[in-house]
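J.: Build the 3D model from these lines:
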Amino acid sequence: MDSLQLNILGENTLALWGAFTISMVMVLEICFVVVLAIAVAALFWFMVRHSSEKIVRQYRKMAQQLKVDLTEPDAQLGGFIRSEPFVHGVYRRREMSISVPGKGLQNTRQIETILKVKVKEPSFTWQMTATGLLGGFRQRDSGSKTRWMSGDRVFDSVVDVRTNDDERFGRLFHVDRRAIIAKMLKGTKATVAMRGGVLSFAEFGLIADDTKRERFLEITELLCDLAEVVEGR
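T.: Have a look, this model is predicted:
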């Protein structure tokens, strides 16, 4: 074998080795990407499960405290999709529920938890939000109703009210009840509404800790009290 053939053989060998090396690097890169994707998916699954378990624990406690039913939807797609639980039943002789809508407010990603209490009064409506830009945004649900003013500067500076019966609303929400509502809504992104025979409280966020759970339990009592007042009990 002459020198020319040796050179050609050497070049071919180097070319094959280079191609092999490149192939191995590509295989390693693909393996790294696959392993990274699996690790990210596993972390996401763990986070979703951990968050879901925290929320479920709070709903179980609420169901026990209110003595109502609890529904826990089954996880889907191997646990990557977990619908929120909800409580429902009869409390203080009226239907109620605490749940999370399937989509965000106004088709956004801002998830809110909603407490609903049944009231035997289909025609009287109102909506109360905290004042400010976000309050005005949420008042779009009240249609073209003008803002009700109580004459109480403290209350009016905190709460934006829209109702279809100003006189009845004024009689119902005397100074003591206005103080309770102002305290409940001040500095929040919450809404208290009455429409279609349902009294509701909606607030951004999920019930994932004791503080939030206790807040919703307190507001459950408040809405039941208001429902009795509206019905004239």
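J.: So which residues of this structure form strands?
T.: Under the criterion DSSP state E, strands of the chain are mapped to 69-71, 86-91, 94-99, 112-118, 126-130, 147-148, 159-163, 191-195, 198-204.
J.: Can I get these in CSV including mean pLDDT and distance to residue 215?
T.: All C-beta spots, glycine's among them, are computed from the backbone N, C-alpha and C. What follows is the strands of the chain, written out as CSV (pLDDT from 0 to 100; distance: least, CB to CB, whole Å):
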stretch, mean pLDDT, distance to residue 215
strand 69-71, 91, 19
strand 86-91, 94, 15
strand 94-99, 95, 11
strand 112-118, 95, 10
strand 126-130, 92, 15
strand 147-148, 88, 25
strand 159-163, 93, 17
strand 191-195, 93, 13
strand 198-204, 94, 8
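J.: Ok, which of those comes nearest residue 54?
T.: strand 112-118 (13.8 Å; CB to CB).
J.: least trustworthy helix or strand in this protein by mean pLDDT?
T.: helix 133-138 (a mean of 58; mean pLDDT, DSSP states H and E).
J.: quick one on the thing from earlier: let's have the strands of the chain in CSV, adding distance to residue 216 and mean neighbour count.
T.: Shown next, in CSV, are these (distance: least, CB to CB, whole Å; neighbours: other CB atoms under 10 Å):
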stretch, distance to residue 216, mean neighbour count
strand 69-71, 14, 15
strand 86-91, 10, 18
strand 94-99, 6, 19
strand 112-118, 6, 19
strand 126-130, 17, 23
strand 147-148, 26, 16
strand 159-163, 19, 23
strand 191-195, 13, 22
strand 198-204, 8, 20
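J.: any chance of those in CSV, plus distance to residue 62?
T.: Shown next, in CSV, are the strands of the chain (distance: least, CB to CB, whole Å):
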stretch, distance to residue 62
strand 69-71, 8
strand 86-91, 5
strand 94-99, 7
strand 112-118, 10
strand 126-130, 24
strand 147-148, 32
strand 159-163, 26
strand 191-195, 19
strand 198-204, 14
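J.: Which one, of those strands, ends up nearest to residue 231?
T.: Here strand 94-99 is closest among the strands of the chain (CB to CB), at 9.3 Å.
J.: tell me which strands and helices the closest one is in contact with?
T.: Packing contacts for strand 94-99, counted by 3 or more CB pairs under 8 Å, 6 or more residues apart in numbering; DSSP states H and E, involve helix 3-66, strand 86-91, strand 112-118, helix 210-230.
J.: what's the closest of the strands of the chain to residue 176?
T.: strand 159-163 (14.3 Å).
J.: tell me what that closest one is packed against?
T.: Going by 3+ CB pairs under 8 Å, 6+ apart, strand 159-163 lies up against strand 126-130, strand 147-148, helix 175-185.
J.: what lines up beside it in the sheet?
T.: If you go by DSSP bridges, strand 159-163 pairs up with strand 126-130 (antiparallel), strand 147-148 (antiparallel).
J.: which other residues reach the last one?
T.: So that's strand 147-148. 126, 160-163, 166, 169-170 (CB atoms under 8 Å, 6 or more residues apart in numbering).
J.: Low-confidence stretches in this protein?
T.: Applying pLDDT under 70 to the chain picks out residues 1-29, 32-52, 73-83, 102-110, 133-144, 233.
J.: switch to 80 and redo it
T.: 1-53, 72-84, 102-110, 132-145, 233 (pLDDT under 80).
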